[in-house]
Structures are given as structure tokens and as C-alpha cells.
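S.K.: give me the fold of what follows.
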Amino acid sequence: MASDPCLEWSFRGHRGAVVAASFSPTMKQLATCSVDNLVMLWSFRPQLRAFRYVGHTAAVQTIEFAPLGNMIASGGTDKTIRFWKPTVKGEHSMVKAHTATVRQVNFSRDGRQLLSCSDDKTLKVLDVNSLRFQFSLEGHRNWVRSCHFSPDGRLIASGSDDKTVKLWDSDRRINVHTFHDHLASVNSVVFHPDGTCLASGSADQTIKIWDLRTNRLLQHYPAHTDQITAISFHPTGNFLLSASLDATLKIWDVREGHLMYTLQGHDKGVLGCIFNNSGDFFASTGADQHVLVWKSNLIADGVEPTTVSESGRVPPKSGLSSSSSNTTKKPSSAPQRAKTVNPDNVINGNRTDVRLRDTDVPQYPHLVNDAYPPQQQIRIQQPKNIHTSSESIPQTVPFSMDQLPEKLAHTLDLIVSKLDMLTQTVTLLDDRITTLEDRIEQQINPISSPKVNMMNMNNTNGNINSYHPTRSQIPSTVQMNSTVSPPPHDIETSPSLHSSHSKFRNVPPSPSLHSSYDDNGQFLSHP
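M.R.: The predicted structure follows:
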């Protein structure tokens with residue numbers, strides 16, 4: 001039997017709640033967005049620093065890598081969608097496609113189209129190459145919080161604060177079915193990898209899975225003790241990952257219909273979760289400003305990820321059982337079969353912890369069907385070395401200098417010493433620039449550090465009020481340097497490219513009336 005999920009990396013650098021994350025197709029980088037107005041690009045190589053992209057003028061609500069990995073799309077409370085080049089310069093194009101907050105963006109499988117949803121109650125589709133508007137879908141009566149392309153691109157799913165999940169035909173551009181099973185806002189919708197099922201997570205704390213061939217409810221999970229913020233299918237389609245404001249992640253076996261794992265790693269609500277393309281890893285983002293990357297350990301022998309043919313069709317597979325009857329499958333034995341993974345001391349060495357300091361200099365440093373004992377908990381006690389079989393993560397191969405000729409070894413020693421001197425020089429220059437920025441910021445924007453309010457939750461009607469420190473409440477010892485960048489041009493589509501660097505610029509949050517998580521970290525469920 002495969003081992004349990006374990007925590008591999010932790011990234012810290014955002015100054016506000018981290019709303020969403022997206023893996024690059026090559027598993028070399030991770031993009032995240034936050035209510036601090038920033039998009040950040042993290043590298044899984046510890047010797048490489050993170051890139052901080054400045055452009056949004058309000059909270060960033062959604063982010064996604066293109067299928068080819070050549071661009072990143074983000075949307076936010078400033079009503080814009082931005083397309084970033086994943087380079088050190090952070091050049092980007094801006095499209096103002098909506099009249100209210102952009103809640104989510106999603107690329108089609110071929111990367112040619114981008115789907116977006118907004119508080120203006122509409123969904124819109126853009127052509128990625130020309131950045132031109134193609135068509136919009138209207139029908140929801142309240143904010144649209146989530147949207148997703150089907151694997152073949154023929155269907156579009158959306159979830160809204162009007163408590164409905166709608167299914168759209170992207171060719172005819174009409175609504176073909178509406179599901180009314182949820183009792184509160186629908187925060188996340190996602191298609192099964194084979195395209196035959198649709199899952200949704202809601203503020204009513206439940207997950208529902210529908211069979212799209214019969215449009216009937218297939219599975220229902222009373223999943224969490226607080227509203228569900230995000231869900232993600234494993235590429236095999238056998239497992240479903242869910243995140244909630246109850247500060248937990250859960251992994252569900254959708255074939256057997258039971259809970260497999262409960263993961264406790266965040267100190268506050270978990271706002272986003274996503275598997276990478278291979279399913280070997282998944283990431284979670286939270287209101288505690290942390291980004292955690294876990295190793296899933298879910299793929300068993302003989303289980304292959306879902307593939308798409310050249311025609312764009314997904315081959316059928318026997319993943320979820322389907323029936324034409326009205327029977328709904330429920331996880332009858334979930335509490336007895338589930339394991340709880342609680343990494344209490346992971347900061348002390350059980351994971352690779354990447355944190356940006358004040359100077360912004362990076363630190364160098366399946367299938368399970370067995371019945372589990374009741375209330376079994378897995379607690380990590382001893383530090384361990386992190387090993388991964390992912391070919392995309394570079395490994396260091398040790399060798400002995402004694403195996404080299406004497407002259408070659410001497411030459412290599414000289415090269416290493418010169419490189420060390422160069423590294424020290426660059427670090428010193430970096431520190432001096434940071435010190436200068438600190439002095440400028442102290443003269444322009446003196447700050448204090450008042451107390452931080454804790455999360456206040458009210459589940460009566462699905463409204464959640466969570467409070468997080470604003471910029472003025474962050475202690476001066478953890479403040480990073482920032483200067484105000486000029487606002488984007490007030491045009492529908494800006495062909496020019498805006499350049500931003502991961503270190504030298506940052507945009508302070510600005511107030512907005514259309515944000516899932518406003519500048520004070522407050523969760524808004526209704527307009």
C-alpha cells in the first residue's frame with residue numbers, strides 16, 4: 001500500500017490571505033495570488049528566488065497557468081484579467097473584460113480560450129492569442145464564483161451565489177441544464193477528468209457529484225464543518241481534494257464513496273487547493289498567508305492518469321459508477337476509514353520551508369482500500385530527508401574530487417571560489433538596495449503594529465467574516481519594501497507590456513466593494 005500524503009514545501013512571502021495557486025505543466029514553478037494585490041511565482045529549486053509581479057490594483061482572486069506553461073492568467077477585484085510571462089521581468093497584458101470583480105479564470109485544454117466569471121453575473125470567453133472577446137453567457141441571478149471548461153471544451157460549468165450550478169453548451173452558447181441541489185452559495189465547480197461527471201463544493205459544507213449523462217445526483221458528501229472554498233479532481237479521476245474554512249483539507253475516494261484523509265497544515269481557513277498535472281503533488285493556500293505543497297502518494301500500480309486524444313476527446317473509463325436510478329451514493333463509513341495527517345512540527349525540518357525575509361533574499365537551505373483503525377492519527381515526530389521521484393525536480397548527484405585529474409580539480413576549485421565571491425558581492429548589493437528602500441519607505445509611510453483580529457465565522461446563511469491584518473497592522477519588522485506603481489491605462493485592451501520585478505515594486509491594497517476577501521480579509525458572500 002502506498003504511503004500517506006506528506007508535506008514537502010512551504011512558501012511564505014505574501015502579506016495577505018493567499019486565495020489560489022497553480023502549478024506549471026513542468027512542475028518547476030508554482031504561481032500564487034493574494035489579497036495583497038500580488039502575483040508570485042515560486043521555484044521548486046531552493047537556490048532560485050521567487051518573482052513578485054506587480055500590476056493588479058486590488059485583491060487578486062484567481063490564477064492559472066496556461067496548458068503550455070508560456071503564460072499565467074490572473075483576475076481580481078480591479079475588474080481586469082492579466083496575462084503574465086513567467087519570467088523575471090513579469091511583462092504582462094491587461095484586458096478589462098468585466099464590470100465587476102473577476103472570481104475565476106480557466107484555460108481550455110488546448111490553451112486557445114480563456115473562460116472567466118465575475119460578480120457582474122456573467123461568464124465570458126476570450127481568445128488567448130488575440131486577447132479579444134468571443135462571447136458571454138448570462139443566466140445567473142447573483143455573483144458567479146466558479147467556472148470550468150470540460151475536458152473536450154464542449155461544455156462549461158458555473159457555480160453562483162444564487163445556489164445553482166449551471167451547465168452550458170459552448171458551441172450553441174446556451175444553458176442546457178441547471179442543478180438546484182445546494183442550499184447556499186456554490187464556491188467551486190470542476191469536471192471529472194473523463195468529462196462524464198461534475199463536482200461542486202458549496203457554502204452549505206457539502207460536495208455533490210452529478211452524472212452528466214442523466215443529469216442526476218450521483219454522490220453527496222457532508223464534507224466539512226465550514227463552507228467549502230475549493231475542490232480539485234486527481235488526474236486519474238479516482239480521488240477528490242477539498243478545502244474549507246474549517247482549516248482542513250480532505251481527500252475523498254470517489255469510487256468507493258468514502259473519506260480517505262483529513263490534512264491539517266494551515267492555521268486558518270484553507271482558501272484554495274489544486275493537484276498538479278501528474279497528481280503526484282497538490283498545493284493548498286490559506287488565510288494564514290502560507291502556501292503548502294504536499295506529496296499525494298495516491299497513485300497505485302496499474303492506475304494511469306487520464307489522457308486526451310488528438311481529437312480532444314477523453315477516452316471513457318470506469319471511474320465513478322453511474323446508474324439511471326435515483327439512488328445517491330453516500331460515504332457511509334467515512335469517520336471509521338479516514339486518517340488524519342497533522343504535521344505538528346513540520347517547520348522544524350520535515351519539509352522544505354521557503355520564506356521571503358524583510359530583505360526579500362531567499363533562504364538557501366493509488367489507491368487505498370484497506371480499512372483503517374478508528375480515530376487513527378498520523379503525527380510526524382522526527383525530521384526526515386525529502387525525496388521525490390518527480391523527474392521535473394532536479395537532483396544533486398554527489399561525486400568525489402579525488403576521481404578527477406589534479407589540474408582539473410585545481411581549476412574547479414578556483415572556479416568555485418570565484419563564484420562564491422560573486423555570490424557574496426551580489427548579496428551585499430542586494431542588502432544595500434533593501435536598506436535604501438527601507439529608509440525611503442519609513443519617510444513616506446510610517447507604520448504601527450496594532451493587534452490582529454481573529455476569524456469570526458457565522459454559518460447561519462453561509463456568510464463568513466474572517467479578519468486578517470491589513471498593511472497598516474503588519475509589524476514593521478516584517479514589512480517589505482514597496483513603492484506605488486502607476487495605475488494601468490484606462491482602456492479595454494492594453495497591447496503594451498508592463499514590466500515589474502519581483503523585488504523592487506509592490507502595490508498596496510486598495511478598498512473594493514466586490515471582493516471575496518477584502519483588504520481586511522473579510523469574506524463576502526453577497527453583493
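S.K.: buried stuff in the top helix by length along the chain?
M.R.: In the chain, taking DSSP state H as the definition, the longest helix is helix 406-444. Neighbour counts over helix 406-444 (16 or more other CB atoms under 10 Å) mark 434, 437-438, 441 as buried. (C-beta placed from N, C-alpha, C; glycine too.)
S.K.: average pLDDT across that helix?
M.R.: Throughout helix 406-444, pLDDT has a mean value of 82.
S.K.: my guess is residue 201 meets residue 242, correct?
M.R.: Yes - in this structure residue 201 lies within contact range of residue 242 using CB atoms under 8 Å: 5.9 Å.
S.K.: residues shared between the contacts of the two?
M.R.: 207, 223, 228, 230-231 (CB atoms under 8 Å, 6 or more residues apart in numbering).
S.K.: okay if I get those residues as JSON lines plus pLDDT?
M.R.: Formatted as JSON lines, those follow (pLDDT from 0 to 100):
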{"residue": "207", "pLDDT": "97"}
{"residue": "223", "pLDDT": "95"}
{"residue": "228", "pLDDT": "97"}
{"residue": "230", "pLDDT": "97"}
{"residue": "231", "pLDDT": "97"}
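S.K.: just give me the closest of the residues you listed to residue 30.
M.R.: Proximity of the shared contacts of residue 201 and residue 242 to residue 30 (CB to CB) peaks at residue 230, which lies at 15.4 Å.
S.K.: does the closest one sit in a helix, a strand or a coil?
M.R.: Put simply, residue 230 is strand when judged by DSSP: H, G, I helix; E, B strand; the rest coil.
S.K.: what's around it, how many residues?
M.R.: 25 (other CB atoms under 10 Å).
S.K.: surely it touches residue 275?
M.R.: No - using CB under 8 Å as the test, residue 230 is too far from residue 275 to be in contact (11.3 Å).
S.K.: on that earlier part again, more neighbours: residue 201 and residue 242, which one.
M.R.: residue 201 (31 against 24).
S.K.: list the helices and strands the helix or strand hosting that one packs on?
M.R.: According to DSSP states H and E, residue 201 maps onto strand 197-202. Applying 3 or more CB pairs under 8 Å, 6 or more residues apart in numbering; DSSP states H and E, we find strand 197-202 packed against strand 155-160, strand 165-169, strand 186-191, strand 206-211, strand 228-233.
S.K.: so which of these comes closest to residue 292?
M.R.: Using CB to CB, the nearest of those to residue 292 is strand 228-233, at 13.5 Å.
S.K.: could you pull out the helices in the chain for me?
M.R.: 334-337, 406-444.
S.K.: using a markdown table, lay out the ones you listed together with distance to residue 249.
M.R.: Formatted as a markdown table, the helices of the chain follow (distance: least, CB to CB, whole Å):
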| stretch | distance to residue 249 |
| --- | --- |
| helix 334-337 | 15 |
| helix 406-444 | 35 |
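S.K.: what's the closest of these to residue 158?
M.R.: helix 334-337 (28.4 Å).
S.K.: for that closest one, give the mean pLDDT please.
M.R.: Helix 334-337 comes out at a mean pLDDT of 41.
S.K.: hmm, which helix or strand of the protein has the shakiest average pLDDT?
M.R.: strand 377-379 (a mean of 34; mean pLDDT, DSSP states H and E).
S.K.: point out where the protein drops to low pLDDT.
M.R.: Counting by pLDDT under 70, the low-confidence segments of the chain come to 1-2, 300-404, 445-527.
S.K.: can we see that at 50?
M.R.: Within the chain, the ranges that satisfy pLDDT under 50 run 1, 301-318, 321-337, 344-351, 356-398, 448-515, 526-527.
S.K.: who does residue 209 bridge with?
M.R.: Judged by DSSP bridges, the bridge partners of residue 209 are residue 199, residue 219.
S.K.: isn't it up against residue 199?
M.R.: Yes - Residue 209 is in contact with residue 199 according to CB under 8 Å; the separation is 4.7 Å.
S.K.: give me the common contacts of the two.
M.R.: With CB under 8 Å, 6+ apart, residue 209 and residue 199 have common neighbours 192, 240.
S.K.: okay, the two: which has more neighbours?
M.R.: residue 199 (27 against 23).
S.K.: for the more buried one, what are its contacts?
M.R.: 189-192, 207-210, 231, 233, 240.
S.K.: now with 10 Å, please.
M.R.: Each residue near residue 199 by CB atoms under 10 Å, 6 or more residues apart in numbering is listed here: 148, 157, 165, 188-192, 207-210, 218-219, 221, 231-233, 240, 242, 252, 254, 320.
S.K.: from residue 419, how far out is it?
M.R.: With the distance defined as CB to CB, to the nearest Å, residue 199 ends up 50 Å from residue 419.
S.K.: do the same with residue 433
M.R.: 21 Å.
S.K.: repeat that for residue 39.
M.R.: 31 Å.
S.K.: same deal with residue 208?
M.R.: For residue 208, the distance to residue 419 - CB to CB - is 56 Å.
S.K.: same question, residue 88
M.R.: 20 Å.
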